[in-house]
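Student: Have a look at this prediction, sequence included:
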Amino acid sequence: MKALVYTGTQSLEFREEPAPTAGTGDTLITIEASGICGSDMHAWHGHDARRIPPMILGHELAGRVEGGADHGLRVAVNPLISCGRCRDCRAGAPNLCSSRDLIGLGRAGGYAQQVAVPAGNLFPIADSLSAVHASLMEPTAVSLHAVHLAERVLARPISECHTLVIGGGAIGALAALILQGKGVREIAIAETSSSRRDSLTKLCNATVYDPLGDQLPPDNHFELVIDAVGSGATRAAASRLARTGGVISHIGLQDNEPGLDTRRLTLQEISFIGNYTYNDTDLQASLDLLTDGALGSLDWVETRPLNEGSPAFEDIHHARTPSPKIVLLPW
């Protein structure tokens, strides 16, 4: 089969690879769409010791079941693999399983024509939903999970809140669309890329601004700040911009540098929530949103052939694409 293989720092090779075989409990999937995630970019930059080249990255995918009783079934894939037996798994939090793995991390991922995944990780998709849009189930679930956790802590209904999303990539864009769907009073998005800011302005009813520019929101303004970048600089910004008694929802994992103002968080009773991936409920709810068209037309999603995956990574790295999401098409 053809695959896009991560071979080293900022290096991807489109080449022939052995086709996967389905082990015990696995199902073979013919991949029709596979999105580029920020964590894949993180690995490509050489900043993820868990992803050891050569390997096939990619974990946002949709396709069809190959073989067996469900042959031809259209599915989106939950890439998170957990033990199913530990205390966290039994409590409905497989994302916190100490032995968790991820497709495209510990095992071959979705930048290929086929992949083997656990049969229990498949979500059937409606005929009306394209494979490209179905591949957004995973990043949508990340954003939905973060918003849901924040809602449990906020002092007032989220619809009344002034909200800020830091980072206008797919996770940030989807979070803004989810907030809009909840009738949130004010949504702001901080994004450094000028071309992406133009796209985000058309995406939803949000105020989009350059966090490196002069027109900045006032400190102590937002009841909810979603950090979809996760750098020292964005944590510092979140610390300043979160309102007294507000919530910082931290999704991004760009670095572990200092920046979070724990003194202000303590004195102003600002809650800081770490968010990691999702559970099955988040995934199904996200798939329902996508199927129902609740997140809009999704025409901001860009597609490219898998054999053009390497320049796609380059374009994201150099901010040469206005789209918050590029989805690769293996066929």
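Tutor: Ah, there it is. Being a predicted model, the structure only gives us computed values, none of them experimental. Numbers count the residues shown, from 1 in each chain.
Student: Quick one: residues contacting the residue lying closest to residue 40 once chain neighbours are set aside.
Tutor: Leaving aside its sequence neighbours, residue 40 sits nearest to residue 57 (CB to CB, 6 or more residues apart in numbering; 4.7 Å). The C-beta positions use only the backbone N, C-alpha and C, and glycine is treated the same way. Counting by CB atoms under 8 Å, 6 or more residues apart in numbering, residue 57 touches 4, 6, 40, 43, 44, 51, 104, 109, 110, 111.
Student: what two of these are the furthest from one another?
Tutor: Maximum pairwise distance in those, criterion CB to CB, is 14.7 Å, between 44 and 110.
Student: neighbour count winner among the two?
Tutor: Under the neighbour definition other CB atoms under 10 Å, residue 44 and residue 110 were set side by side, and residue 110 has more, 34 against 24.
Student: Next, the contact list for that one, please.
Tutor: Counting by CB under 8 Å, 6+ apart, residue 110 has contacts 31, 34, 56, 57, 58, 59, 60, 61, 77, 79, 103, 104.
Student: Strands of the stretch 1-150 of the chain, residue ranges please.
Tutor: Using DSSP state E, counting those that start in this stretch, the strands assigned to the stretch 1-150 of the chain run over residues 2-8, 11-16, 26-35, 60-65, 74-77, 80-81, 101-102, 114-118, 122-124.
Student: Let me know the angle separating the fourth one from strand 26-35.
Tutor: Yep, that's strand 60-65 we're talking about. Relative orientation of strand 60-65 versus strand 26-35 (axes from the mean of the first three to the mean of the last three CA atoms, to 10 degrees): 130 degrees.
Student: what's strand 60-65 packed up against?
Tutor: strand 26-35, strand 74-77, helix 131-134, helix 137-151 (3 or more CB pairs under 8 Å, 6 or more residues apart in numbering; DSSP states H and E).
Student: and this protein, what are its domains?
Tutor: 2-136+298-329, 140-274 (automatic domain parsing).
Student: From start to finish, how long is the shortest one in a straight line?
Tutor: So that's domain 140-274. Distance across domain 140-274, first residue to last, is 17 Å (CA to CA, to the nearest Å).
Student: next one: the longest one
Tutor: Here the two ends of domain 2-136+298-329 are set 11 Å apart, with distance taken as CA to CA.
Student: How far off centre is that domain?
Tutor: 12 Å (CA atoms, centre = their mean, to the nearest Å).
Student: before we move on, what about stretch 179-197?
Tutor: 16 Å.
Student: just use 7 as the starting number from now, easier for me
Tutor: OK, 7 is where the count begins now, so the last one is stretch 185-203.
Student: Okay, buried residues for that stretch please.
Tutor: For stretch 185-203, burial by neighbour count (16 or more other CB atoms under 10 Å) applies to 185, 186, 190, 192, 193, 194, 195, 196, 197, 199, 202, 203.
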